[in-house]
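Asks: please find the sequence and the predicted model below.
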Amino acid sequence: MLEELGYRPSTTVLSVRAATAGEDAAVMAALQCPADLPILFIERLRTDGGSPLIYSLEAVPRSFLPQDLPHDRFASSLNDLLALQYHRPRMSTASISAVMLPAPVGRAIGWTRRDPWLLITETCFTEDGAPVLYARLYHRGDALSYNFSRR
């Protein structure tokens with residue numbers, strides 16, 4: 001998507017950490033899972049020429065991804081990584097809202113401007129309806145826009 005808009009994006013993996021779903025009530029609800037389910041939390045930043053475009057925090061059940069993935073593999077498509085274990089997302093539900101980038105995130109990525117960002121909160125599902133990915137995607141509001149059609 002970013003390339004189609006004329007950007008030359010690069011992805012930096014800020015962190016990959018293992019925890020349990022109980023750490024985040026929204027993750028538990030979206031993934032419809034128990035509090036003790038092992039989850040990988042993947043934090044990434046997509047930039048163009050060093051300028052932030054998208055900050056993402058994604059949560060995936062640990063068993064849905066190959067074991068012992070090197071940290072840099074998370075810079076690629078999570079959908080492709082999920083497909084390696086036969087859990088490719090086929091559909092999703094999402095909501096979008098204008099928000100300010102959380103201050104700790106802004107500090108971590110070096111963003112000091114007080115511009116609104118578009119927060120897309122998305123849950124992805126497999127073809128059989130199983131939830132496999134929960135994401136909070138912050139898109140820079142002055143750099144990205146979206147068009148919707150409703151039927």
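Replies: Yep, it's here. Numbers count the residues shown, from 1 in each chain.

Asks: list the contacts of residue 112.
Replies: residue 106 (C-beta atoms under 8 Å, 6 or more residues apart in numbering). To be clear about C-beta, it is placed using only N, CA and C from the backbone, and glycine gets the same treatment.

Asks: quick one: secondary structure of it?
Replies: The three-state assignment at residue 112 reads coil, by DSSP: H, G, I helix; E, B strand; the rest coil.

Asks: same question for residue 118.
Replies: Assignment for residue 118 (three-state DSSP): strand.

Asks: pull the contacting residues for it.
Replies: 96, 97, 98, 99, 138, 139, 140, 141, 144, 146.

Asks: same check on residue 64?
Replies: Residue 64 touches 82, 85, 87, 132, counting by C-beta under 8 Å, 6+ apart.

Asks: with residue 46 instead?
Replies: For residue 46, the contacting residues are 2, 9, 10, 11, 12, 52, 53, 54, 55, 56, taking C-beta under 8 Å, 6+ apart as the criterion.

Asks: what would the residues you listed look like in a markdown table with pLDDT and distance to residue 78?
Replies: Below are the contacts of residue 46 laid out as a markdown table (pLDDT from 0 to 100; distance: C-beta to C-beta, whole Å):
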| residue | pLDDT | distance to residue 78 |
| --- | --- | --- |
| 2 | 72 | 15 |
| 9 | 80 | 15 |
| 10 | 89 | 16 |
| 11 | 92 | 11 |
| 12 | 93 | 15 |
| 52 | 93 | 19 |
| 53 | 93 | 17 |
| 54 | 94 | 13 |
| 55 | 96 | 15 |
| 56 | 96 | 9 |
